[in-house]
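The amino acid sequence is not available; the structure is as follows:
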């Protein structure tokens, strides 16, 4: 099982359906980011991991969810 399949399985799990997932990859290709987000990751970071970037992504997740929810519900 690769990381993309892991993300899909976490997303379909009843145990932790709302858990935030930040994918990490050594690949610098945009396709890795696209595949991670398409699989269900909330965000993506390339390796080598910079701690400050991770903290910024973690902080941004609640705001991203708020925006996504308002788009789904049609609120602007």
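That came in fine, so what should we check first? Owing to the predicted nature of the structure, the values given are computational and were not obtained by experimental measurement.

show me the contacts for residue 57.
Each residue near residue 57 by Cβ atoms under 8 Å, 6 or more residues apart in numbering is listed here: 22, 43, 45. Where C-beta positions appear, they are placed from N, C-alpha and C, glycine not excepted.

Can I have the buried ones of the residues you listed as a ChimeraX selection?
The buried residues among the contacts of residue 57 can be selected in ChimeraX (16 or more other Cβ atoms under 10 Å) with this line:
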select :22,43,45
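
what comes up buried for stretch 15-34?
21, 22, 23, 24, 25, 32, 33.

pLDDT on it, on average?
Confidence for stretch 15-34, expressed as mean pLDDT, is 89.

And it, how far out from the chain middle?
Distance, stretch centre to chain centre, for stretch 15-34: 5 Å (Cα atoms, centre = their mean, to the nearest Å).

same question, stretch 54-66
10 Å.

Residue 66: helix or strand, and which one exactly?
According to DSSP states H and E, residue 66 maps onto helix 51-73.

Please spell out which residues along that helix are buried.
Here helix 51-73 shows residue 57 as buried, counting by 16+ other Cβ under 10 Å.

average pLDDT for that helix?
On average, helix 51-73 scores 83.

and what of stretch 37-47?
94.

buried residues in that stretch?
39, 40, 41, 42, 43, 44, 45, 46.

which two from those residues end up farthest apart in space?
Pairwise distances among the buried residues of stretch 37-47 were taken by Cβ to Cβ; the largest, 18.5 Å, belongs to 40 and 46.

so can I have JSON lines of the buried residues of stretch 15-34 showing secondary structure and distance to residue 53?
As requested, the buried residues of stretch 15-34 are arranged in JSON lines below (DSSP: H, G, I helix; E, B strand; the rest coil; distance: Cβ to Cβ, whole Å):
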{"residue": "21", "secondary structure": "coil", "distance to residue 53": "16"}
{"residue": "22", "secondary structure": "strand", "distance to residue 53": "10"}
{"residue": "23", "secondary structure": "strand", "distance to residue 53": "13"}
{"residue": "24", "secondary structure": "strand", "distance to residue 53": "10"}
{"residue": "25", "secondary structure": "strand", "distance to residue 53": "13"}
{"residue": "32", "secondary structure": "helix", "distance to residue 53": "16"}
{"residue": "33", "secondary structure": "helix", "distance to residue 53": "13"}
